[in-house]
Structures are given as C-alpha cells and as structure tokens.
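Student: Here is my input, please return the structure:
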Amino acid sequence: MTKAILVDHTGGPEVLSFRDHPVAAPGPGQVALRQTAIGLNFIDTYQRSGLYPVQTPFVAGNEGAGVITALGDGVTDFKVGDRVVYQGQIGAYATERLAAADRMVPIPDAIDDQTAAAVLLKGLTAYYLLFQTWPLAKGETILWHAAAGGTGLIATQWAKALGATVIGTAGSDDKTALAKAHGCDHVINYSTEDFATRVREITDGRGVDVVYDGVGKTTFEKSLDCLRPRGLLASFGNASGVVAIPDITVLARKGSLYVTRPTGLHYLGQRAALLEGASLLFAAIANGSIKVEVNQTFPLAQAADAHRALEGRQTTGSVVLIP
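Tutor: Numbering: from 1, shown residues only. Down below sits the predicted model:
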C-alpha cells in the first residue's frame with residue numbers, strides 16, 4: 001500500500017485526493033520505485049482539469065525520482081538500489097509506484113534526487129525545443145515566454161550557452177530580475193510593456209528567429225508579430241488557454257511564418273532519444289551551463305496547494321513535491 005494523490009473526476013485543485021492506494025509487484029518490463037522527489041509540471045494541471053483527457057480515476061503526476069526496490073521479468077539494465085528519474089509516466093504523485101523500466105534514466109552521482117526530479121521533464125522539453133524543433137544556431141535571436149518559470153530558467157540558460165541572443169518575458173519585476181540572472185540578455189515585463197513592440201525595438205525592427213511559447217492563448221497573436229519573415233513559433237503549452245487559428249492566412253500576412261505544436265511524446269518516444277537528451281541535459285548541468293532552481297517544495301499531501309500556486313503564477317523555477 002502506498003500513499004498517493006488520486007483524481008476521481010476532473011476539475012480544480014480540490015479534486016486531488018490524498019489517500020491509500022494499492023501497489024502490486026512489478027510486471028514484465030517494469031520496476032518498483034520508492035520515490036524520493038516528484039516534479040510538478042503544467043501537464044499535471046491539464047490532466048487534472050480534463051484539458052488533456054485521462055481515464056479516471058488515476059494517480060496524478062508525470063515526473064519523479066527515486067530508488068528501485070524490485071525488478072519485473074526481463075529487466076536487465078537496472079538493479080535494486082539504483083537511483084533513477086523519469087518523465088512522461090503518469091502516476092508520479094505517490095510514495096511508491098510501478099513504472100516502465102525502459103523510461104527510467106539513471107541519475108548521475110553528482111546530481112541529487114530533488115534536482116533530477118525538478119529538471120528532467122522541463123529540461124528535456126528545453127532540449128527538444130532548442131536542439132530539434134528549431135536547431136538553435138549561434139548568433140540567432142529567440143523570444144522565450146515565461147522566462148522565470150521552471151522550463152524557462154533552464155532553457156534560457158541553455159540557449160545563452162549555445163550562443164543565442166535571448167529575450168525573455170515575465171509578469172513581475174521580481175520575475176524579470178530572476179530571468180535576467182539566468183541567461184536572458186533582455187527581459188520584458190509583459191504586465192507593464194507591450195512585448196511585441198519591445199521585441200521590435202530590441203531587434204531594430206527585424207524580429208526574432210523563433211518564439212518559444214508555453215503560455216498559449218494570451219500571447220499567441222502578438223508572438224506572431226515578434227517573428228522575422230519565415231520565423232517559427234513553437235507553441236508548447238497552454239498555461240493561459242488553448243490556442244486556435246481560425247484563419248491560417250494570418251501566417252502569410254505576417255511573413256510566411258511557421259507554427260508547430262511539439263510534444264515530448266513525438267521527440268522522446270524512443271529510448272535512444274530519451275537517453276541522448278538526458279545525457280546532454282545532465283552534461284549541461286555538470287559544466288555549469290544550466291543551474292537548476294528548486295525554489296518551492298510542498299509535501300505530497302499538499303499537492304492541491306502546489307497546483308494553485310503554479311496556476312496562479314505564484315511560483316518561479318521548479319516546484320518539487322516531497323513524498
């Protein structure tokens with residue numbers, strides 16, 4: 001028996017229920033984990049609310065770190081006692097759980113469990129966006145929305161290390177200062193400034209090569225105005241609501257623009273791709289290119305409070321739940 005956060009029906013943070021939950025022995029290809037840290041991500045709120053449909057009831061959460069306590073048949077790459085981290089495996093909000101062995105990533109000795117749980121999903125998101133969705137080249141200019149958030153702080157540092165000029169947005173003076181300290185050459189407070197106008201000023205009217213937007217509905221149209229001709233908008237999240245394009249010719253009018261909606265499933269679905277991305281991420285942490293900020297922790301039992309803080313834009317950096 002484990003303690004877990006279950007969702008019996010979709011809705012607001014109040015539907016998160018902390019209670020006992022049974023755990024079976026690991027089946028073929030599975031490992032059993034005693035979890036030590038659990039990452040909080042916006043996808044958790046999308047699944048809880050019903051925006052991303054999941055059959056109920058389910059254990060919430062998609063990212064965690066811990067120690068392997070048992071192996072299922074056919075698992076040969078790990079042993080009991082190994083420290084591992086994973087992302088994209090729903091059911092993370094629990095003290096113990098089963099998970100697919102082929103989605104486990106070994107944690108390097110130099111990285112603690114809280115850092116690993118805080119960084120893997122967000123860091124791999126930054127990885128595929130910066131290296132694959134738009135292979136970022138030295139000298140290019142990007143705009144990253146919510147630059148003081150968990151993914152933003154990782155990605156802007158990484159982009160700067162790759163030689164890009166980095167423009168970020170944030171919603172308060174404290175957050176703009178945090179983003180400035182983590183790789184952004186310019187930070188725009190979108191609460192007090194028109195970010196599209198400022199981007200054009202910063203780039204002498206040219207626009208940026210690529211916009212990375214995890215905010216969604218409230219930033220989408222103005223993000224298009226920030227792009228140079230044939231630039232790319234990578235819309236990878238819906239924090240403010242889902243984006244719709246009723247008239248696709250807007251992309252032609254604004255410069256023959258490209259728009260994509262990438263997900264980790266399609267970039268990291270193969271184990272080799274997962275391990276390659278994790279290796280580059282951990283190397284960037286080890287060499288100091290990325291400093292991971294775990295700025296808030298909550299006991300697992302207070303997951304609803306953590307969701308309220310995340311959705312209310314009251315967090316910076318990464319949030320970790322402690323089982």
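
Student: who's in contact with stretch 231-248?
Tutor: By Cβ atoms under 8 Å, 6 or more residues apart in numbering, the surrounding residues in contact with stretch 231-248 are 42, 46, 51, 125, 129, 133-134, 146, 207-220, 223-224, 227, 251, 255, 257-263, 311. Yep, even glycine has a C-beta here, placed from its N, CA and C like the rest.

Student: Strands along the stretch 1-150 of the chain, start to end?
Tutor: Secondary structure of the stretch 1-150 of the chain (DSSP state E, counting those that start in this stretch): strands located at 2-7, 16-21, 30-39, 58-59, 63-71, 83-87, 96-100, 105-106, 141-144.

Student: I'd like to know which of these is closest to Lys175.
Tutor: For Lys175, the closest of these is strand 141-144, at 12.6 Å, according to Cβ to Cβ.

Student: OK, contacts around Phe131?
Tutor: Phe131 makes contact with 277, 280, according to Cβ under 8 Å, 6+ apart.

Student: Would you mind giving the domain segments of this protein?
Tutor: Listed by automatic domain parsing, the domain ranges of the chain are 2-118+271-322, 138-261.

Student: start to end distance for the last one?
Tutor: It stands for domain 138-261. One end of domain 138-261 to the other measures 24 Å (Cα to Cα, to the nearest Å).

Student: what does the first one give?
Tutor: Distances were taken as Cα to Cα; on that basis the terminal residues of domain 2-118+271-322 are 14 Å apart.

Student: ok, now stretch 212-220?
Tutor: Distance between the two ends of stretch 212-220: 10 Å, counting by Cα to Cα.

Student: Residues touching it, excluding its own?
Tutor: With Cβ under 8 Å, 6+ apart as the test, stretch 212-220 has contacts from 42, 129, 142-146, 149, 151-152, 155, 169, 190, 195, 223, 233-243.

Student: Of those, just the buried ones, PyMOL syntax please.
Tutor: Command for PyMOL, covering only those of those found buried under the criterion 16 or more other Cβ atoms under 10 Å:
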select buried, resi 42+129+142+143+144+145+146+149+151+152+155+169+190+195+223+233+234+235+236+237+238+239+240+243
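
Student: which residues does the residue most central in space within the chain contact?
Tutor: The chain has Lys122 as the residue nearest its centroid, 3.0 Å off, counting by Cα atoms, centre = their mean. Residues counted as contacts of Lys122 (Cβ under 8 Å, 6+ apart) are 39, 41, 150-151, 154, 318.

Student: Model confidence at Gly91, what's the number?
Tutor: In this model, Gly91 is scored at 97, pLDDT.

Student: neighbours of the spatially closest residue to it that is not a sequence neighbour, just the number please.
Tutor: Counting by Cβ to Cβ, 6 or more residues apart in numbering, the nearest residue to Gly91 once its immediate chain neighbours are dropped is Val59, at 4.2 Å. Other residues lying near Val59 total 16 when counted by other Cβ atoms under 10 Å.

Student: Tabulate the contacts of Lys122 (JSON lines), appending distance to Thr165 and pLDDT.
Tutor: Compiled in JSON lines, these are given as follows (distance: Cβ to Cβ, whole Å; pLDDT from 0 to 100):
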{"residue": "Gly39", "distance to Thr165": "29", "pLDDT": "97"}
{"residue": "Asn41", "distance to Thr165": "28", "pLDDT": "93"}
{"residue": "Gly150", "distance to Thr165": "22", "pLDDT": "89"}
{"residue": "Thr151", "distance to Thr165": "19", "pLDDT": "93"}
{"residue": "Ile154", "distance to Thr165": "18", "pLDDT": "95"}
{"residue": "Ser318", "distance to Thr165": "25", "pLDDT": "88"}
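
Student: can you pull out the strands in the stretch 201-323 of the chain?
Tutor: With DSSP E, counting those that start in this stretch, the ranges of strands along the stretch 201-323 of the chain come out as 208-213, 227-235, 258-260, 294-299, 318-322.

Student: closest one to Gln87 among these?
Tutor: The minimum distance between Gln87 and the strands of the stretch 201-323 of the chain falls on strand 318-322, with 12.5 Å, by Cβ to Cβ.

Student: can you pull up the bridge partners for Leu232?
Tutor: Per DSSP bridges, residues listed as beta-bridge partners of Leu232: Val210, Tyr258.

Student: For it, give its distance to Ala4.
Tutor: Leu232 is 39 Å from Ala4, where distance means Cβ to Cβ, to the nearest Å.

Student: The two: which has the busier surroundings?
Tutor: Ala4 (26 against 19).

Student: check contacts around that one.
Tutor: 18-21, 59, 91, 93-95, 97.

Student: of these, closest to Ala161?
Tutor: Nearest member of the contacts of Ala4 to Ala161, counting by Cβ to Cβ, is Tyr93, at 32.5 Å.

Student: Many thanks, I have nothing further to ask.
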